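# I need the structure of the sequence given here:
(one chain, ligands or ions: 2)
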Amino acid sequence: MRLSDAEQKQFDEEGYLFFPGRFSPEEARLLKQAADDVYAMDREEVWREKSGVARTAFAAHTYNEPFRRLGSHPRLVDPVSQVLEGDVYMHQFKVNAKAAFDGDVWQWHQDYGTWKRDDEMPEPRAMNIAVFLDDVTAANGPLLFIPGSHKQGVVEAGHDLSTTSYPLWTLDNALVKQLADRGGCVAPTGPAGSMLMFSSLLVHASPANISPFDRTIVYLSLCHVDNHIRAFNRAEWIAHRDFTPITALDDDCLDELVAAQLAAAE
Ligand code: SIN
Ligand code: MN
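Ligands and ions are numbered 1, 2, ... in the order given. Predicted structure coming up:
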């Protein structure tokens, strides 16, 4: 699947593209089960909220088969390669839980702000592409984007080590207000299986989830191979050091796993 000229223009102007229902309900169900399997593991890659429920699982593509395949899925890899104009490698892979009642905030930030400061990634030639594994609604802690904020380059940020269990370079409220006065603030919502790609410079956040519904989203952070990180300050499973170009699998690469899950349920 190639992005059309109109989609590329929209991405350039707004910093993100949303594709509701890009993955089937069956594919989303398979991946949601995979997320639950991963969260049940006692591994260092699974980070927990202060309450103890899972917050995020890093590098699940290295220890879970459905996520291994998703990490090379053409619906995710191809549009990013197209926009970044070349081969990409996996800089980060995370399955964010945002669990019912307990899912905590992600403060206002730019992903590239962290990748530059912590990992010495040379340029913002990297981006996120995400798949919703639950329905994402206004109620269960959707992502909030400031459209057009990616045009500002890397903005000022401070290293927040205390608000949540995950350290992040975050923006102060005055700067967020100034950017949102110009670009507004949107929350892409849609059914499980929806796909979202967004610039690594786009300013974003998500509120806590006090609803009774989970909001699981899996993110591939893909980087152009020439733009690999230069500093290895963070764990290998947070900021990967394997810069091998990803070879996309076939579009039906999840089908046999979906069939096996359905057969097991009968
Ligand atoms: C992120 O910004 O990296 C994660 C936000 C979320 O999953 O809500
Ligand atoms: Mn982020």
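
# tell me which stretches of the stretch 151-266 of the chain form strands.
Using DSSP state E, counting those that start in this stretch, the strands of the stretch 151-266 of the chain run over 158-160, 168-170, 195-199, 204-206, 217-224.

# ranking these by burial, who's on top?
strand 217-224 (a mean of 25; mean count of other C-beta atoms under 10 Å). C-beta: built from backbone N, CA, C; applies to glycine.

# could you give me the average pLDDT of it?
The average pLDDT for strand 217-224 rounds to 98.

# partners of that strand in the sheet?
Strand pairing for strand 217-224, determined by DSSP bridges: strand 88-96 (antiparallel), strand 126-132 (antiparallel).

# just checking: what are the partner strands of the helix or strand that comes right after the first one?
This points to strand 88-96. With elements assigned by DSSP states H and E, the helix or strand that comes after strand 88-96 is strand 106-109. Using DSSP bridges, strand 106-109 pairs in its sheet with strand 204-206 (antiparallel).

# ok, residues contacting the partner strand?
98, 105-110, 141-146, 176, 198 (C-beta atoms under 8 Å, 6 or more residues apart in numbering).

# next one: stretch 229-240
44-45, 58-59, 62, 89-93, 115, 118-122, 223, 241.

# between the two ends of it, how far is it?
End-to-end distance of stretch 229-240 (C-alpha to C-alpha, to the nearest Å): 9 Å.

# between the strands paired with strand 217-224, which one is nearest to ligand 1?
Ligand 1 sits nearest to strand 88-96 of all the strands paired with strand 217-224, at 3.6 Å, using C-beta to the nearest ligand atom.

# for that closest one, buried residues please.
88-96 (16 or more other C-beta atoms under 10 Å).

# keep those residues, but drop any that are not near ligand 1.
Asn96 (C-beta under 6 Å from any ligand atom).

# can I get the buried residues of strand 88-96 in CSV with pLDDT?
Formatted as CSV, the buried residues of strand 88-96 follow (pLDDT from 0 to 100):
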residue, pLDDT
Val88, 98
Tyr89, 98
Met90, 98
His91, 98
Gln92, 98
Phe93, 98
Lys94, 98
Val95, 98
Asn96, 97
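
# picking that back up, make JSON lines out of the strands paired with strand 217-224 and add distance to Ala35.
Shown next, in JSON lines, are the strands paired with strand 217-224 (distance: least, C-beta to C-beta, whole Å):
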{"stretch": "strand 88-96", "distance to Ala35": "5"}
{"stretch": "strand 126-132", "distance to Ala35": "11"}
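
# list the buried ones in stretch 257-266?
Result for stretch 257-266 [16+ other C-beta under 10 Å]: buried residues 257-258, 261.

# now do that stretch: distance to the chain's middle.
Centroid separation for stretch 257-266 versus its chain: 27 Å, with C-alpha atoms, centre = their mean, to the nearest Å.

# kindly report the same for stretch 254-266.
Per C-alpha atoms, centre = their mean, the centroid offset for stretch 254-266 relative to its chain is 25 Å.

# what's the closest non-adjacent residue to Asn140?
Arg215 (4.1 Å; C-beta to C-beta, 6 or more residues apart in numbering).

# now do the one you found against Ser221, distance only.
Separation of Arg215 from Ser221 (C-beta to C-beta, to the nearest Å) stands at 19 Å.

# lowest-confidence helix or strand of the protein?
Here the helix or strand of the chain ranked lowest by mean pLDDT, DSSP states H and E is strand 158-160, holding a mean of 87.
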